[in-house]
Every structure is written in structure tokens, then in C-alpha cells.
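A.B. asks: Predicted model follows, preceded by the sequence.
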Amino acid sequence: MKHKALASLVVFLLLATTASALTLEGSCDIRFFGRSTLHNFDGTAACQPFTLTTSGEIGDSGIIRQTVVEVLVEEMDTGNSIRDKQMYAMFGQKSYPHIQGLFDDLDPDVVIKQLQAENDASAHLEFDLRIRDISQRVKAVTRDLVVNPEQISFTMVFPVSLVSFQLHPPSVLGFIKVDDQIQAEVRVLLLRH
């Protein structure tokens, strides 16, 4: 089912780009989940609005050029003001106010071939995640894809190691510590313009 839905997304993009450029206005809601010595916690954030536009420069079906999706650190919220202040300090929010997702060019023809070779359990989207001045490649599992003529929506799920970005997880009184691994769940909505 998921394989067919992803293929439908690519066909949708392919058909739209053969006639003219396609513009999709994007937004996303983010939930993140972590653990600490004392208890589990979760938080929310939203990415800044972004635009995806196809052009006819590569292949018959066009290409979606590199896209940057940004999240404002100061808008991340765990529902606990003390924890939030520690989180902003950990990210160095004053010097690095954004977390960025950097996406490569997307050629729909290539995506179709890739999806035909994958099964439902391995559908994924890769991008570079930049936190402060460090970028790392992320392979996000995709699920819950919905495609119709007006919009496309899907969820990306991926882990983030704080230590791998040279971040020091916050602690309270030296013994209540946040675990290194945070799970991110990003719900993406693309509206046809």
C-alpha cells in the first residue's frame, strides 16, 4: 500500500511537471521524544514555511531544486520552561538560531526507479541535518503518505544523536541527565499552488 502511495506521489509530480512548473507550498509539524534519568519527555516545533518548485532542466519530468527547511530553536517547546532554557542553551540558540534540513535535487524519474526497487518497509528520504555548524546525513523512514490533486502529506521519522552534533545533553543537579538519542517525527504537508 505504502509503495503504491509513494509511486502515486511521484506520478503526480511527473504528470504535473510535464505540462508546466509545479509549485508546492510546504509546512511541517514536529514532535520529538526523549528520555532522561527521571522520566520521558516530548516536545513540539514547526518548520518555517517553504516552497518546492519544479523546473525542466534535468530529464523529461523536471527537477525539484535543492530545498532548505528551517526550524527556529526558540520555537521548540517541551512544556517546561526550565528544560526549554537548557535546550536553547545546548543548541547555542543566540549564535545558531536555526536547525536546518538540507535536501538534494529531486528528479522524479530517479525516485520512481528507487521506489520500484524498495519495499514498503524501506521507503525513505535522505537529507542533511544541520545543527549549529555541523551537518550529518539522515535517512528518514517515511510513512502515512496521502496524495490527492490538492495536497501531499507524509511523515518522516528519524533518530538524532545529540553527541554526534557535539551537543552536551542537559542535566539537573548532575544526576538527572537527558539521554543522547532523541526521536524526531516530522509531519509534512505540501499544498499545490
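C.D. replies: Happy to help now that I have it.

A.B. asks: Only alpha carbons, please: show stretch 136-151 as CSV.
C.D. replies: Output of stretch 136-151 as CSV, limited to C-alpha atoms (Å, rounded to 0.1, in the frame of the first residue of the first chain):
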residue,chain,number,x,y,z
GLN,A,136,25.1,14.9,9.1
ARG,A,137,23.3,12.8,6.6
VAL,A,138,19.9,11.5,7.9
LYS,A,139,17.9,8.6,6.4
ALA,A,140,14.3,9.2,7.5
VAL,A,141,11.7,6.4,7.3
THR,A,142,8.6,7.7,5.5
ARG,A,143,5.1,6.6,6.3
ASP,A,144,1.4,7.7,6.2
LEU,A,145,1.6,9.1,2.7
VAL,A,146,-1.6,10.7,1.3
VAL,A,147,-1.7,12.1,-2.2
ASN,A,148,-4.5,13.9,-3.9
PRO,A,149,-4.7,16.7,-6.5
GLU,A,150,-4.6,19.5,-3.9
GLN,A,151,-2.0,18.2,-1.5
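
A.B. asks: in that stretch, what counts as buried?
C.D. replies: Val138, Ala140, Thr142, Arg143, Leu145, Val147 (16 or more other C-beta atoms under 10 Å). The way it works is simple: take the backbone N, C-alpha and C, and place the C-beta from them, glycine included.

A.B. asks: Out of those residues, which comes closest to Thr54?
C.D. replies: Nearest to Thr54 among those, counting by C-beta to C-beta, is Val147 at 15.6 Å.

A.B. asks: Dig out what the closest one forms beta bridges with.
C.D. replies: Val147 has the following beta-bridge partners by DSSP bridges: Ile152.

A.B. asks: Could you report the pLDDT at it?
C.D. replies: Per-residue pLDDT puts Val147 at 74.

A.B. asks: how far away is it from Thr53?
C.D. replies: Val147 is 18 Å from Thr53, where distance means C-beta to C-beta, to the nearest Å.

A.B. asks: Turn the buried residues of stretch 136-151 into CSV, including secondary structure and distance to His124.
C.D. replies: Shown next, in CSV, are the buried residues of stretch 136-151 (DSSP: H, G, I helix; E, B strand; the rest coil; distance: C-beta to C-beta, whole Å):
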residue, secondary structure, distance to His124
Val138, strand, 10
Ala140, strand, 6
Thr142, strand, 6
Arg143, strand, 10
Leu145, strand, 12
Val147, strand, 17
